[in-house]
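> Build the 3D model from these lines:
(one chain, ligands or ions: 1)
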Amino acid sequence: MKSKHFLPIVLLLMVSCGKDSGKSNTAGTDKPAIEIEVPSFNADSAYAFVAKQVAFGPRIPNTPAHGRAADYFVETLKRFGAQITIQEFQADHFSGKKLNLKNIVASFNPDKNKRLLLAAHWDTRPFSDKDADKPNATFQGANDGASGVGVLLEIARVISSNNKPDVGIDIILFDGEDWGEKINEEDTHSLPQELQEWWCLGSQHWAKNKHKPGYSAYYGILLDMVGAKDAQFHREGYSMEFAPTIVEKVWDHAQRLGYSHVFIRKTQPGVTDDHLFVNTIAKIPMINIVHFEPGIGFFGDFHHSQKDNMDLISKDMLGIVGETVLNTIYFEQ
Ligand SMILES: [Zn+2]
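Residues are numbered from 1 along each chain as shown. I've put the predicted structure just below:
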């Protein structure tokens, strides 16, 4: 992996939010300086993108709200100047039903060979089966789904209205991540041969049928449940197994920006999420920035419960994650 410490140049960082502005390296003044200007991530705008998704209603596959949300993503990302590829497919569901799913890919700088992949899932789990009182009810999915997509839509807006990063960016909104088998469900069919899990249907499909033949990326970053107040992100096990240098890179950016209280350098077990299939099937190193709750473990007690609603969502947290990811992509040469 390339490291900026080995570049024969001086990196001058200018962060337009002001936090780190003016940092410069005056050593080696005879060497050419590269100026890296990282545009501002607007946390209010990211929050509005989360609220907009929640206002559609739960984005459950095979429902009108799911269709309306997909149209909104495509229209918004087109407005931001992205090249869009829509991947429509059907997948089996643990009860034997067929789900009509849509992965949405938005590409910036399509001619660049070196590409980074940013992803989140946009579907909502159809029931809050970890909720003690309402295990069969739907829920908002403000954090589980909408928060990651909200951050990515804001990153797309920032890219469209500022200087572009030096690398190509592909944002993938994966569908069908969250319709894994229900707790205590007896009517669960056996897995069809083409699936490894009932979870992560969109990423499993994309990893085997990429939106462009032969597509690859330098690395990927998955965002899942990144908007809760006081969230922490620990180093997730599969990220450390498949892409430890990318974890270090992102956690280093977070530390430089003053967010070491959020991006914690403790390694935890792996979680089955979309990045697993991008790593194992598509062979693209991908990390997961995913909520970890000390004392509870990954996801926290809002997970798949009625507590996963807009009251949980913090603009500050969306801003911390968005700024960290934006710095990571703009520093990539
Ligand atoms: Zn979920």
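> What segments of the stretch 51-200 of the chain are strands?
For the stretch 51-200 of the chain, the strands defined by DSSP state E, counting those that start in this stretch cover 83-92, 98-108, 115-121, 168-174.
> what sits opposite the residue nearest the centre of the chain in the beta ladder?
Taking C-alpha atoms, centre = their mean, the centroid of the chain lies closest to residue 223, which sits 2.6 Å from it. Bridge pairing for residue 223 (DSSP bridges) gives the partners residue 289.
> Identify the residues contacting it.
118, 119, 120, 147, 148, 151, 152, 289, 290, 321, 325 (C-beta atoms under 8 Å, 6 or more residues apart in numbering). Glycine gets a C-beta too; all of them are placed from N, C-alpha and C.
> do residue 140 as well
Counted by C-beta under 8 Å, 6+ apart, residue 140 has contacts 54, 58, 124, 146, 308, 309, 310.
> Make a PyMOL selection of the buried ones in the residues you listed.
This is how PyMOL selects the buried members of the contacts of residue 140, with burial counted by 16 or more other C-beta atoms under 10 Å:
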select buried, resi 54+58+124+146+308
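> Go through the contacts of residue 140 and say which is closest to residue 111.
residue 146 (31.5 Å; C-beta to C-beta).
> burial count for the nearest residue to that closest one once chain neighbours are set aside?
Distances taken as C-beta to C-beta, 6 or more residues apart in numbering place residue 53 nearest to residue 146, at 4.1 Å, with adjacent residues excluded. Applying other C-beta atoms under 10 Å, we find 26 residues neighbouring residue 53.
> Test my guess that residue 166 contacts residue 218.
No: using C-beta atoms under 8 Å, residue 166 is not in contact with residue 218; the gap is 11.6 Å.
> overlap in contacts of the two?
residue 332.
> Tell me which helix or strand the closest residue to residue 153 other than its chain neighbours sits in.
Nearest non-adjacent residue to residue 153, counting by C-beta to C-beta, 6+ apart: residue 49, 4.3 Å away. Assigned by DSSP states H and E, residue 49 belongs to helix 43-55.
> ok now that helix, how far from the chain's centre?
Distance of helix 43-55 from the chain centroid (C-alpha atoms, centre = their mean, to the nearest Å) equals 15 Å.
> Show me where this protein has its helices.
Secondary structure of the chain (DSSP state H): helices at 43-55, 64-79, 148-161, 201-208, 237-242, 244-256, 274-280, 315-331.
> Relative to residue 227, which of these is closest?
helix 315-331 (5.2 Å).
> Report the buried residues of that closest one.
Residues of helix 315-331 classed as buried: 315, 317-331 (neighbour count, 16+ other C-beta under 10 Å).
> cool, and stretch 68-86?
Result for stretch 68-86 [16+ other C-beta under 10 Å]: buried residues 69, 70, 72, 73, 74, 76, 77, 80, 82.
> so what's the residue in the stretch 201-333 of the chain that the ion sits nearest to closest to, chain neighbours aside?
Residue nearest to the ion within the stretch 201-333 of the chain (C-beta to the ion): residue 304, separated by 5.7 Å. Nearest in space to residue 304, with sequence neighbours left out and distances taken as C-beta to C-beta, 6+ apart, is residue 130 at 4.1 Å.
> same question, residue 119
residue 172 (4.4 Å).
> do residue 169 as well
residue 108 (4.4 Å).
> ok, the one you found - how many residues close by?
Around residue 108 there are 24 other residues, counting by other C-beta under 10 Å.
> Run a quick check on residue 300 versus residue 308, I expect a contact.
No: contact criterion C-beta under 8 Å: residue 300 and residue 308 do not qualify, at 9.3 Å.
> Can you check the distance spanned by stretch 266-276, start to finish?
The straight-line separation of the ends of stretch 266-276 (C-alpha to C-alpha, to the nearest Å) is 19 Å.
> thinking again about what came up before, nearest to the ion among the buried residues of stretch 68-86?
Taking C-beta to the ion as the measure, the ion lies nearest residue 69 of the buried residues of stretch 68-86, at 15.9 Å.
> quick one: contacts for residue 139?
58, 124, 125, 127, 128, 131, 304, 305, 306, 308, 309.
> any idea which of the residues you listed is the one closest to residue 138?
Here the nearest of those to residue 138, counting by C-beta to C-beta, is residue 58; it sits at 4.5 Å.
> Could you report the distance from the residue nearest to residue 169 to the ion?
27 Å (C-beta to the ion, to the nearest Å).
> Quick one: residues contacting that residue.
Counting by C-beta under 8 Å, 6+ apart, residue 108 has contacts 81, 82, 83, 156, 159, 160, 164, 165, 168, 169, 170, 171.
> again, but for residue 326
38, 39, 41, 155, 158.
> Between all of those residues, which two are at the greatest distance?
38 and 155 (11.5 Å).
> circling back: can I get the helices of the chain in TSV including distance to the ion?
Listed next are the helices of the chain as TSV, based on distance: least, C-beta to the ion, whole Å:
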stretch	distance to the ion
helix 43-55	14
helix 64-79	15
helix 148-161	11
helix 201-208	13
helix 237-242	16
helix 244-256	22
helix 274-280	11
helix 315-331	17
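> In CSV, list these along with mean pLDDT and distance to residue 268.
What follows is these, written out as CSV (pLDDT from 0 to 100; distance: least, C-beta to C-beta, whole Å):
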stretch, mean pLDDT, distance to residue 268
helix 43-55, 98, 25
helix 64-79, 98, 31
helix 148-161, 98, 19
helix 201-208, 97, 21
helix 237-242, 98, 6
helix 244-256, 98, 12
helix 274-280, 98, 14
helix 315-331, 98, 18
